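In: Need the 3D shape of this:
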Amino acid sequence: MPHQPWTLEADEVLALPLDELALRVLQDADANEESNWRNWMLSAAQGPYRKQPQVLRALSEAWTWLHNHGLVIWNPDKTHADSIAVSRKGREVIDRGLPWLRAVERLDVQLVPELEYTARPQFLRGDFETAAFVAMKEVEVQVRTRAAFDDSMIGVSLMRKAFGTNGPLWRTDLNAGESVGLMDLFAGAVGLFKNPSSHRRVDLNDPTEAAEIVLLADLLLRLLAKIEEPQTDPVSE
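Out: Residues are numbered from 1 along each chain as shown. Okay, the predicted model is just below:
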């Protein structure tokens with residue numbers, strides 16, 4: 001059973017981070033089929049937190065947080081303005097926990113279009129391994145395309161050949177150290193986050209880590225887009 005907020009001591013309510021307190025409130029409202037957030041607050045005010053305004057304010061903050069994050073919505077089946085229902089996103093948070101929500105919000109930025117249509121949908125479905133893999137796969141595909149290499153060039157060797165000193169994506173506008181750093185960044189990212197998934201099953205169940213991998217892929221694709229089209233023929237095999 002969810003841990004009801006009013007079973008907590010007043011100092012515990014005040015000590016909880018707002019998102020954790022909000023989750024407790026959400027779990028309790030859902031478990032008790034509460035459809036009116038004001039009634040929930042009145043129960044708390046008339047119960048163990050009577051004449052404890054700081055605690056009631058904290059609980060009110062929790063409800064505001066739930067509304068602002070889209071975890072509860074106005075209940076379309078009710079006419080009262082204070083009627084609420086758990087949203088689809090709220091249901092996901094109840095099932096998956098706050099780490100999932102924090103990762104989703106971490107990823108709540110405008111990604112490059114390719115990742116918007118590939119990695120983000122997989123991530124929101126909870127398939128973190130696939131989201132991370134397709135994001136890094138997109139990096140590999142776009143580097144190979146920009147470098148005009150054939151499909152036999154993959155992984156770390158592709159990155160080092162494309163971004164190497166004589167490669168078509170070598171940044172002549174940067175000093176040598178920065179250009180090498182760019183090559184190492186692409187090679188390291190693909191070698192660490194894309195290649196293992198290509199060769200074996202990777203149990204990537206941490207949504208935060210998956211979100212960071214997708215964001216890293218987004219950064220790499222943005223850096224790639226800044227490189228002018230190669231002016232010379234790609235290095236032959």
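In: Tell me how the protein divides into domains.
Out: Using automatic domain parsing, the domain ranges for the chain come out as 5-96, 106-226.
In: ok, Gly181 to Leu221 distance?
Out: 17 Å (Cβ to Cβ, to the nearest Å). In this view, the C-beta of every residue, glycine as well, is placed from N, C-alpha and C.
In: re earlier: how about JSON lines for the domains of the chain, with mean pLDDT and mean neighbour count added?
Out: Shown next, in JSON lines, are the domains of the chain (pLDDT from 0 to 100; neighbours: other Cβ atoms under 10 Å):
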{"stretch": "domain 5-96", "mean pLDDT": "91", "mean neighbour count": "16"}
{"stretch": "domain 106-226", "mean pLDDT": "90", "mean neighbour count": "17"}
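In: For Leu185, see how far away Arg160 is.
Out: Taken as Cβ to Cβ, the span from Arg160 to Leu185 is 12 Å.
In: for Thr118, same thing?
Out: From Thr118 across to Leu185, the span is 21 Å (Cβ to Cβ).
In: just Val141 next, same as before
Out: For Val141, the distance to Leu185 equals 17 Å [Cβ to Cβ].
In: Strands of this structure, residue ranges please.
Out: Using DSSP state E, the strands found in the chain span residues 72-74, 84-86.
In: so what strands line up beside the last one?
Out: With DSSP bridges as the criterion, the sheet partners recorded for strand 84-86 are strand 72-74 (antiparallel).
In: which residues are contacting the partner strand?
Out: Residues from elsewhere that reach strand 72-74 (Cβ atoms under 8 Å, 6 or more residues apart in numbering): 26, 29, 37, 63, 66, 81, 83-87, 90.
In: now with 10 Å?
Out: Strand 72-74 is contacted by residues 22, 25-26, 29-30, 34, 37, 63, 65-67, 80-90 when judged by Cβ atoms under 10 Å, 6 or more residues apart in numbering.
In: just stretch 32-50 next, same as before
Out: Residues outside stretch 32-50 that contact it (Cβ under 10 Å, 6+ apart): 2, 4-10, 13, 25-26, 28-29, 51-53, 55-56, 58-60, 62-64, 66-67, 72, 75, 77-78, 80-86.
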